[in-house]
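S.K.: Provide a 3D model corresponding to the input given below.
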Amino acid sequence: TSPPPATLLPIGDILADIKSVFDILNNIATDTTNITAKVSDINSKLDSMDECLDEMENRISHLEDNKEGRAGKMANLDKKFMKAWDRIKDLENRSRRSNICIMVLPEVIEEGKPMEFLSKFLPEILDLPSGIEIERAHRSLAPCSKPSQRLRPIIMCLPKYQTRELILLKAREKQNIVWENHKLAFFQDLSKEVQQKRRAFLKGKQLPRDHGVKYSMAYQATLGVHHEGLLNTFQTLE
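M.R.: Residues are numbered from 1 along each chain as shown. Model (predicted):
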């Protein structure tokens, strides 16, 4: 038997199907156009991001270069500052070369006239010639000491360096200087930094002192030991 004849669709249905296909293709074309536009926008943004990253890398590189340059400048400035600071401290100590600190004198014993008091007191206590010339004298610049606190030292400035050396020599010779139950001490007027450096030699000075060997301290903190006609100097005890 032969197959039944094919059924022909109405022309209207065919046209409707064709129109539907064209509509789908148009939608696909529209979507493709939108996708292409979005991809183009994304590419544009990526290009912009690449430019930003390049600029950031350049800036970071520039900052790193500047940092290295500034680090070098800061190191140089630190060296200059420390050098200037050392000069300032040296000038400060040299300005005190003619000064002497007298420790443990009772407060207000000078009755507001320290120069007059010291000019009479020093010859008596140290067996010095009368008429010692004193340029100025005062208590250290701090509030008046309370009974439980350490007494403020008297600082006096002598116009002649030789007079200062004579007073310190007499004080060393006497060693134990007691006045009205107060054990007095005479020191050079030095900055805290130099005092700390010299304090490191306390044990080092004890050895020559115990053996009767002559020693001295040179500015700023150099220990000199005189032995068999030679002067041996030490910057540290190591």
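S.K.: now the helix or strand containing Asn58, how far from the centre of its chain.
M.R.: When secondary structure is defined by DSSP states H and E, Asn58 falls within helix 11-95. Chain-centre distance of helix 11-95: 39 Å, with Cα atoms, centre = their mean, to the nearest Å.
S.K.: Report all helices and strands that that helix contacts.
M.R.: helix 192-199 (3 or more Cβ pairs under 8 Å, 6 or more residues apart in numbering; DSSP states H and E). All C-beta atoms are positioned from the backbone trio N, CA, C, and that covers glycine.
S.K.: tell me the mean pLDDT for the helix it packs on?
M.R.: Per-residue pLDDT over helix 192-199 has a mean of 83.
S.K.: what angle separates the helix holding Asn58 from helix 192-199?
M.R.: 70 degrees (axes from the mean of the first three to the mean of the last three Cα atoms, to 10 degrees).
S.K.: I'd like the next helix or strand past helix 11-95.
M.R.: strand 99-103.
S.K.: list the helices and strands the next helix or strand along the chain from that next one packs on?
M.R.: Next helix or strand after strand 99-103 toward the C-terminus (DSSP H and E): helix 114-126. Applying 3+ Cβ pairs under 8 Å, 6+ apart, one finds that helix 114-126 makes contact with strand 136-139, strand 154-157, helix 161-174, strand 177-179.
S.K.: Please repeat the previous calculation with a cut-off of 6 Å.
M.R.: Counting contacts by 3 or more Cβ pairs under 6 Å, 6 or more residues apart in numbering; DSSP states H and E, helix 114-126 is packed against strand 136-139.
S.K.: Neighbouring strands - and their directions - for the strand it packs on?
M.R.: Partner strands for strand 136-139, per DSSP bridges, with pairing direction: strand 154-157 (antiparallel).
S.K.: average pLDDT across the partner strand?
M.R.: 94.
S.K.: Pull the residues that contact that strand.
M.R.: 98-102, 105, 114, 118, 134-137, 139, 189 (Cβ atoms under 6 Å, 6 or more residues apart in numbering).
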